[in-house]
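Trainee: the following comprises the amino acid sequence and a computationally predicted model.
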Amino acid sequence: MKLTVVKSLFIATFALLAVAQSTQAEERVLATVDGYPIMQSQVDRALGKKAKTEANRKAALDSVINEFLVQRAIQESGVKVNYAYVDQMIENIAAQNGLTYGQFLDALDYQGITLNQYRQQLANQIMMEQVRHQTIGQTIQVEPKQVQALAKELMAKDKASGKLSATKGTQYRISHILLKTNPILNDQQAKAKLTALVADINANKMTFEAAAEKHSVDYASGAEGGDLGWNFLDIYDPAFAKVANKSKPGVISAPFKSQFGWHVLKVTDTRQSDRTEDAYLQKAYEQLVNQQAQDASKDWVKALKNRADIQYVQ
């Protein structure tokens, strides 16, 4: 109920601001987003002093719609920023640049940026990255027919080239949490974050599945609590396979790095089987998911648009 009220207040506020932005005599609805109006005055404001050409008007309308979708996604995500973590990041950034904290503040002042402004910029980056992560994860949809068709194609290709061989041996069911480094999360911080998550899991403050769903940037497995399903180790990155091979069932590994980022993993079960077809199905599924994730990462606002009902008023 609270979420519904907050959402309603956000939409109502957005609409009221739209109406208040202009006192022009001619005010009309140019588009609706999930039933909520985008007004002429909003588009005029976004257009600014640009020439009032059809192309510029369309670009301005799109920018207003994009901003509406982003702000709504932030509102609905419930993402909150830990400012103690932001402050630690600022200290780390200063150290990485060979500056004392005081020197770093002087550098900000030289650029005309206050500490509070910079702090808020970092907080916004963290928040937007988390919202982006949620959006991408929610947009990935792989149909069974797609997986089966691609698996059949891959098997036929390997068979024709003489590379098809039965896959036998021990299959592992593994769950993992993946973090990737970026301009605001370096190797040391990624490792520390995973270490803290494992400590919370072992202390029963959260489950492995909940931690994976909230923090893992492997969008497909994260939605399944980190579960990668049944697989043979040779499909994984060598570093990942090595850790999994040495892990005892049910025990969470120490943080380690592969070519894809930083992981912790847990082997949940093992079995002996001959599952050549399943191995190809898994390979096909991963290819399709990775492609969708890459496409969504290029333009995550487009992913928001794909989920919204946008109607343009003629």
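Mentor: Here it is on my side, so go on.
Trainee: C-alpha from now on. contacts and neighbour counts both.
Mentor: Noted.
Trainee: check which helix or strand Gly162 maps to.
Mentor: Taking DSSP states H and E as the definition, one finds Gly162 inside no helix or strand.
Trainee: ok, now which ones touch it?
Mentor: If a contact means Cα atoms under 8 Å, 6 or more residues apart in numbering, then Gly162 has no contacts.
Trainee: what's the answer for the one 3 residues further on, then?
Mentor: Contact analysis of Ser165 by Cα under 8 Å, 6+ apart lists Thr276.
Trainee: helix or strand: which one has Glu277?
Mentor: Glu277 belongs to helix 276-298, assigned by DSSP H and E.
Trainee: buried residues, that helix. List them.
Mentor: Neighbour counts using 16 or more other Cα atoms under 10 Å place 279-286, 288-290, 292-293, 296-297 of helix 276-298 among the buried residues.
Trainee: which stretches of the stretch 1-150 of the chain form strands?
Mentor: Residue ranges of the strands in the stretch 1-150 of the chain, as given by DSSP state E, counting those that start in this stretch, are 29-33, 36-39.
Trainee: which residues are contacting stretch 176-190?
Mentor: Under the criterion Cα under 8 Å, 6+ apart, residues 89, 126, 211-212, 215-218, 221-222, 226-228, 260-266 lie in contact with stretch 176-190.
Trainee: buried subset of those?
Mentor: 89, 126, 211-212, 215-218, 221-222, 226-228, 262-266.
Trainee: among these, which lie within strands?
Mentor: Per DSSP state E, strands hold the following members of the buried ones among the contacts of stretch 176-190: Asp227, Leu228, Trp262, His263, Val264, Leu265, Lys266.
Trainee: which residue packs closest to Lys283, ignoring adjacent ones?
Mentor: Distance criterion Cα to Cα, 6 or more residues apart in numbering; nearest residue to Lys283, sequence neighbours excluded, is Ala151 at 7.3 Å.
Trainee: where's Thr195, which helix or strand?
Mentor: Element membership of Thr195, judged by DSSP H and E, is helix 187-202.
Trainee: check the offset of that helix from the chain's centre.
Mentor: Mean-position distance between helix 187-202 and its chain equals 19 Å (Cα atoms, centre = their mean, to the nearest Å).
Trainee: CA atoms only: put it into PDB for me.
Mentor: As requested, the backbone C-alpha atoms of helix 187-202 are provided in PDB (Å, rounded to 0.1, in the frame of the first residue of the first chain):
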ATOM      1  CA  ASP A 187      39.200  -4.600  -7.400                       C
ATOM      2  CA  GLN A 188      39.800  -3.900  -3.800                       C
ATOM      3  CA  GLN A 189      36.300  -2.600  -3.200                       C
ATOM      4  CA  ALA A 190      34.600  -5.400  -5.100                       C
ATOM      5  CA  LYS A 191      36.500  -8.000  -3.100                       C
ATOM      6  CA  ALA A 192      35.700  -6.200   0.200                       C
ATOM      7  CA  LYS A 193      32.000  -6.000  -0.700                       C
ATOM      8  CA  LEU A 194      31.900  -9.700  -1.500                       C
ATOM      9  CA  THR A 195      33.700 -10.500   1.800                       C
ATOM     10  CA  ALA A 196      31.100  -8.500   3.700                       C
ATOM     11  CA  LEU A 197      28.200 -10.200   1.900                       C
ATOM     12  CA  VAL A 198      29.600 -13.600   2.700                       C
ATOM     13  CA  ALA A 199      30.000 -12.600   6.400                       C
ATOM     14  CA  ASP A 200      26.300 -11.500   6.400                       C
ATOM     15  CA  ILE A 201      25.200 -14.700   4.800                       C
ATOM     16  CA  ASN A 202      27.200 -16.800   7.300                       C
END
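Trainee: great, nothing more from me.
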